[in-house]
Structures are given as structure tokens and as C-alpha cells.
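A.B. asks: sequence plus predicted model, see below.
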Amino acid sequence: MGFAIASLEPESSVATPEPDDVGDLRLEMALSLLSQAGWVPPSGPAPGSRLWLQSVIDGLCDLSSRDALTGLANRRQFEAAIAREIDRVARIGEPALLLIADIDHFKNVNDRFGHAAGDMVIQSVAACLQDCVRPMDLVARLGGEEFAIILPNCPPAFGQTVAERIRNRVRACPVAIIGGQQLSVTVSIGGAFAPQWVRSSAMLWSERADQQLYRAKTEGRNRTCLDMPPLTVVSAEEKGLLFGSLAQSDPFSASGPASDLPKTTE
Amino acid sequence: MMVSMSASAPKPPSSPARIARTLAITSGKGGVGKTFVSANLAAALSRQGLKVLVLDADLGLANLDVVLNLYPKITLHDVFTGKAQLDEAILPAPGGFSVLLAGSGLVEYSRLTPDIRDQLHGIFEAVKPRFDVILIDTGAGISDVVLYAVSMAQEVIVVATPEPTSLTDAYATIKVLSAQQGRETLNLVVNQVARAGDGRAICAQLQQVVDRFVQGPNGAAPRLQLMGDIPLDTAVREAVRKRSLLLELHPGSAAAQGVLHVAARMVGR
């Protein structure tokens, strides 16, 4: 899963034991799980070699972080990702958006068309969501018909646009179910920005997004509601005056507008 | 409730009528050295024989423990939830002052519930008689919790750097504090200046815009008082990296002198 932040994690300091004899290991279950999930054994390393074993382990790690039905990040991976994102927002102050999307009237789908159709709807929505976000964003299935999307570095001004794009994409994408029928599906989306420069908690951040989802549902579904951070109270004119003379005293920025001033420190 | 019980605890007889001078340290933008200033200013004031408490009201992001290399077992969070007594949460810090740490993940800054407000207020009232000076290290931004934390203090110190984003956010903070709290005087500390003395021009510039655009409830613009500037100094980076107080690690550095000047001005005023 292309989640950029994962690379920031320090390398594990756990020592890798030398596998003296791989033949002793009970790998049947692992290999069966992997092959069931479509895992292809590496062509290079010989079965039983260290490299081969590593790719088995990688496969298992990947498997344990994905949702079986949709292939999206599962709840476990989501929780690790949101914790990392909170750390980043606290440290760097970058705006980050959490969206929670819930399929509208999903129970009706299950009741009228059966659980197999329900699964197909979930898979289709999952593919839609994954399809309309950036590679750095993480789409996860939280459970049931509920999904979460973590969007790092998402300016508040773009939040509504992004959420609306996702909602419209799902709406425009009918689901073909067994029997040649096509279902039109919509989602309600609630979103909240992480408070910048502040270490929030996954629970509080999700709760705020959840409240907005609840609002979207009660206001009629198939809509997006975002909890926006407070707006800035400083006008462009005030900004211009704030830096006007400072800019003049800075030989490197005399030609540029105030907003393009290079940072004077760091 | 735990807080009110602590508040009514008998005061030590040795300090009969002590009521702390209270200052909120805030910044608008994060990462401008607010916690660095709080900790080192507290150390500087302690050296003058004052009994100082730094209250970490940065409820979401308790950084003070990191700056001071403390590993608190008990935080405000435990006091809030009734797991610990207030006294247990007041810890001695390396610079000879005391700290009361929030603990991370306590609350998101953007939501101030009446319960949290009452708890903070209760704790603040309880510690006031025990110290000469209380510095409230607030979170960044101008959220409810930050504004409330600032409102508890008699005086406000706004920390800014000469960076445009920092100045904008400091200005926004000044504007909000004037409008919502009727602050007539706001203290300014300019951190990371290129040369000692640069803070004067920055303060004047801010004052000019404030005079033109900011009107307090009484119709007058708030007055900015420069408490000093702290030069950009590699010694600060080193102290932060070593998680030590600058005043202890490099007392002779330009930045340490800047902090000492701020402390002297604060006490002299």
C-alpha cells in the first residue's frame, strides 16, 4: 500500500535470528493463507532459503494489514497510520483531513438482494474510494459499510472539494450485482481536520469526523459534512502592512510579494 | 470532586498571603519556541529566588516534558480523572522550578467542554497561593482551550519569530485577545532574531498595524510591550537536542542572555 509515511518509521532493532533449518518451521498454514490471498512465491530465491522466508513473512505482514473483502487497509493498519499522522501533524503542523464514509441504506441492499450483493457493493465502493485519492492517502475499511480515508497535507480550503469528489465518484459508479442488475449507491461522508501543532488522539479525531458523518446522515444522506478549523482573522491588507517594511529591509525578498517571503529563520 | 478538594487543602503556614503573578505564554503559530521560552524563563525567574510553576496547558501536545527531559508518571490528566491528587502531579524540574504537565492526548485543543474548563480553573486556583509566578504554557493557535488558558492569566506574553507566518499568527492572536478578552497591554518576546535588538523594529511594526486595525472593547488599540528578543543561536538547538535548559547548558550564550533580559524586565516592571 503506497502510504508515504511508512518510510519515516525507524528500522526495527529486533535482531533477525539465523534460520538454521527452515525445514523445522511449520509453514503449511502460512503458505495456504498466502496462496488463498493470491500470493505468488518469489521466482528467484529457493524455497526454504532466507530470502524466500523473508518474502513469506512480508506476504504475511501484508495480509495482516489488509481487509480480506476489499484489499483496502484494515482497521489495524488504519490505527497505525492515524497514530503516525497525529505525530506528524503535531510535529510539523501540516493540515490533515480524516474522512469517514458510510454507504447509505446499506441494510436495504442486504435485505433485498442478499449478502453476496452487499459484499459486491462494498467492494465496488472500496475500489471507487481507492481510485479517487492520492497515492499518499490511506483508504481503510473500518468494518461493515464504513470506510476511513486519511489525507495528509490537505489544506482546509480543499477539504470540501475532495470530499465532494469522492462522494460524486461513488454516486456515478453503479454496482453490477448478480442477476445483471445494477444498483446505484451513495455514501455519506463526515470529515474533520486534525488540530495543527497539537497532538490529538485517534479517538478524538475520529469522533469529530463521526459527528459530521452523523450530521450528513441526519441531514438526508448522500452528502458531505466537514468540521472546519477556525478561519484566519487576518486580511491581506493587514498582512501586507505587517511585512511591508520588513520585506524592504530584506535584500533577498525586495522584489516578491509579502506572501512569498522566504523564511527568515531556519 | 478531586479538584475542589485539593483547592480547599490547608495552605502551608510559611506562605501566608502568597498569590502568584500569572502569565500566559502563547504564540499563535506553533514551533516558535514557546515552550523553550517558558522553561528557560522559569529557570531565570527561579534564580532570582522566586517560586515558579510552569503549567503546561498545551493540553493536546505536552512538550514541556520533552524539553525538560522529564518522564512524568502523573499528569493533569490523572488529576482530571481523579486518579491522582494535585500535589502528586506538581513535579520538580531541573531549573529549580515546578511543573504541572498536561499529559498528551488529554483533549483536543479545539473543543473546550464546560467540564474541562471547570477542572482547569479549579486546578489553577488551587496552585495560585503556592507560587510567586505561574507561567501558563498554552498550546498553539487560537482555539477555545488556548483562549481559556490565556484568560486565566493576568498578563500575556506573545512569543513570535521574525518569520512572516509567525508574525501573522502572533498578530491574529493579539487581535483576538484584544477583542475577546479586552487585553489592553500585551507583552511580546521576539525569538530567533538575527541580531539582539531586532525585536524593537518588529514590535514597532506590529504595533503600527495593531493601531490601525485592532480596536479593543474600550475603543483603543492594545499596547504591545517588548519584553526582549532572543537571538537565533546554535546553543539553543544544542540545548533542545540534549533536552537541557539553555540556562544550564550554555548560560553565556547570546540566547541565554536574551532570556535573562526578558526575566529581568519582567521582574523590574
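C.D. replies: Arrived safely. Fair warning: this is a prediction, and the values are worked out from it, not measured in the lab.

A.B. asks: mind telling me what element B:Asp137 is part of?
C.D. replies: Assigned by DSSP states H and E, B:Asp137 belongs to strand B:133-138.

A.B. asks: OK, contacts around A:Val234?
C.D. replies: Going by Cβ atoms under 8 Å, 6 or more residues apart in numbering or on different chains, A:Val234 touches A:Leu242, B:Thr168, B:Tyr171, B:Ala172, B:Lys175. Using the backbone N, CA and C atoms, a C-beta is placed for each residue, glycine as well.

A.B. asks: how is it assigned, secondary-structure-wise?
C.D. replies: coil (DSSP: H, G, I helix; E, B strand; the rest coil).

A.B. asks: give me phi/psi at the spatially closest residue to it that is not a sequence neighbour?
C.D. replies: Distances taken as Cβ to Cβ, 6 or more residues apart in numbering or on different chains put B:Ala172 closest to A:Val234, at 5.0 Å, once the chain neighbours are dropped. Per-residue torsions, B:Ala172: phi -60, psi -40 (degrees, to the nearest 10).

A.B. asks: equivalent analysis for A:Gly143, please.
C.D. replies: Dihedral pair for A:Gly143: phi 150, psi 150, per degrees, to the nearest 10.

A.B. asks: can you give me the buried ones in stretch A:110-128?
C.D. replies: A:110, A:113, A:117-118, A:120-128 (16 or more other Cβ atoms under 10 Å in any protein chain shown).

A.B. asks: swap that for stretch A:174-186, sorry
C.D. replies: Judged by neighbour count using 16+ other Cβ under 10 Å, the buried positions of stretch A:174-186 are A:Val175, A:Ile177, A:Leu183, A:Val185, A:Thr186.

A.B. asks: could you identify the most distant pair in those?
C.D. replies: Distances among the buried residues of stretch A:174-186 were taken as Cβ to Cβ; the most separated pair is A:Ile177 and A:Thr186, at 15.7 Å.

A.B. asks: tell me the SS of B:Val190?
C.D. replies: Local secondary structure at B:Val190 is given as strand here, using three-state DSSP.

A.B. asks: so in terms of bridging, what pairs with A:Arg141?
C.D. replies: Beta-bridge partners recorded for A:Arg141 (DSSP bridges): A:Phe147.

A.B. asks: wait, it sits on A:Gly71?
C.D. replies: No - counting by Cβ atoms under 8 Å, A:Arg141 does not reach A:Gly71; the two are 9.1 Å apart.

A.B. asks: what are the bridge partners for the closest residue to B:Leu64 other than its chain neighbours, then?
C.D. replies: Nearest residue to B:Leu64 in three dimensions, chain neighbours excluded: B:Asp56, at 4.5 Å (Cβ to Cβ, 6+ apart). Beta bridges link B:Asp56 to B:Asp137, judged by DSSP bridges.

A.B. asks: coming back round to it: also near chain B: which of the buried residues of stretch A:174-186, exactly?
C.D. replies: Filtering the buried residues of stretch A:174-186 for proximity to chain B by Cβ under 8 Å from any Cβ of the partner chain leaves nothing.

A.B. asks: closest one of those to chain B?
C.D. replies: Comparing the buried residues of stretch A:174-186 against chain B with Cβ to the nearest Cβ places A:Thr186 closest, at 29.2 Å.

A.B. asks: my guess is the closest one contacts A:Phe106, does it?
C.D. replies: No - applying Cβ under 8 Å, one finds A:Thr186 not in contact with A:Phe106, separated by 10.3 Å.

A.B. asks: follow-up on the earlier one: give me the pLDDT value at the residue nearest to A:Val234.
C.D. replies: B:Ala172 is assigned a pLDDT of 89 by the prediction.

A.B. asks: ok, now which ones touch the residue nearest to B:Leu64?
C.D. replies: By Cβ under 8 Å, 6+ apart, the residues touching B:Asp56 are B:Ala62, B:Asn63, B:Leu64, B:Asp65, B:Leu76, B:Val99, B:Leu100, B:Leu101, B:Ala102, B:Asp137.

A.B. asks: lowest-confidence member of the residues you listed, which is it?
C.D. replies: Lowest confidence among those: B:Ala62, with 55.

A.B. asks: chain A versus the residue nearest to B:Leu64, what's the distance?
C.D. replies: 12 Å (Cβ to the nearest Cβ, to the nearest Å).

A.B. asks: can you give me the distance of the residue in the stretch 1-150 of chain B positioned nearest to chain A to B:Leu147?
C.D. replies: Residue nearest to chain A within the stretch 1-150 of chain B: B:Gly30 (2.9 Å; Cβ to the nearest Cβ). Applying Cβ to Cβ, to the nearest Å, the value for B:Gly30 to B:Leu147 is 16 Å.

A.B. asks: tell me which of these two has more neighbours.
C.D. replies: B:Gly30 (22 against 19; other Cβ atoms under 10 Å in any protein chain shown).

A.B. asks: now do the phi/psi pair for the more buried one.
C.D. replies: Dihedral angles (degrees, to the nearest 10) for B:Gly30: phi -80, psi 160.

A.B. asks: kindly report the same for A:Gln54.
C.D. replies: phi -60, psi -40.

A.B. asks: what's the weakest-modelled helix or strand in chain A?
C.D. replies: Between all helices and strands in chain A, the lowest mean by mean pLDDT, DSSP states H and E belongs to helix A:236-248, at a mean of 72.

A.B. asks: and residue 158, which helix or strand is it part of?
C.D. replies: You didn't pick a chain, so chain A it is. A:Phe158 belongs to helix A:156-171, assigned by DSSP H and E.

A.B. asks: chain B, not that one
C.D. replies: Assigned by DSSP H and E, B:Val158 belongs to strand B:155-160.

A.B. asks: residues in contact with that strand?
C.D. replies: The contact list for strand B:155-160 (Cβ under 8 Å, 6+ apart) reads B:21-29, B:32-34, B:37, B:150, B:166-167, B:169-170, B:173-174, B:177, B:183, B:185-191, B:202, B:206, B:227.

A.B. asks: any of those buried? List them.
C.D. replies: Buried by 16+ other Cβ under 10 Å: B:21-29, B:32-34, B:37, B:150, B:166-167, B:169-170, B:173-174, B:177, B:183, B:186-191, B:202, B:206, B:227, out of the contacts of strand B:155-160.

A.B. asks: so for the residue nearest to A:Leu34 when sequence neighbours are not counted, what's the pLDDT?
C.D. replies: In this structure, A:Leu34 finds its nearest non-sequential neighbour in A:Gly59, 4.8 Å apart by Cβ to Cβ, 6+ apart. On the pLDDT scale, A:Gly59 is placed at 94.

A.B. asks: isn't A:Gly59 right up against A:Trp39?
C.D. replies: Yes - judged on Cβ under 8 Å, A:Gly59 makes contact with A:Trp39 at a distance of 4.7 Å.

A.B. asks: what about stretch B:33-49, near chain A?
C.D. replies: No - no part of stretch B:33-49 sits near chain A under the criterion Cβ under 8 Å from any Cβ; the closest distance found is 9.9 Å.

A.B. asks: tell me how far that stretch lies from the chain's centre.
C.D. replies: Here the centre of stretch B:33-49 is set off from its chain's centre by 9 Å, with Cα atoms, centre = their mean, to the nearest Å.

A.B. asks: list the buried ones in it?
C.D. replies: Using 16+ other Cβ under 10 Å as the test for burial, stretch B:33-49 gives B:33-47.

A.B. asks: same thing with stretch B:74-91?
C.D. replies: B:74-80, B:84-86, B:89-91.
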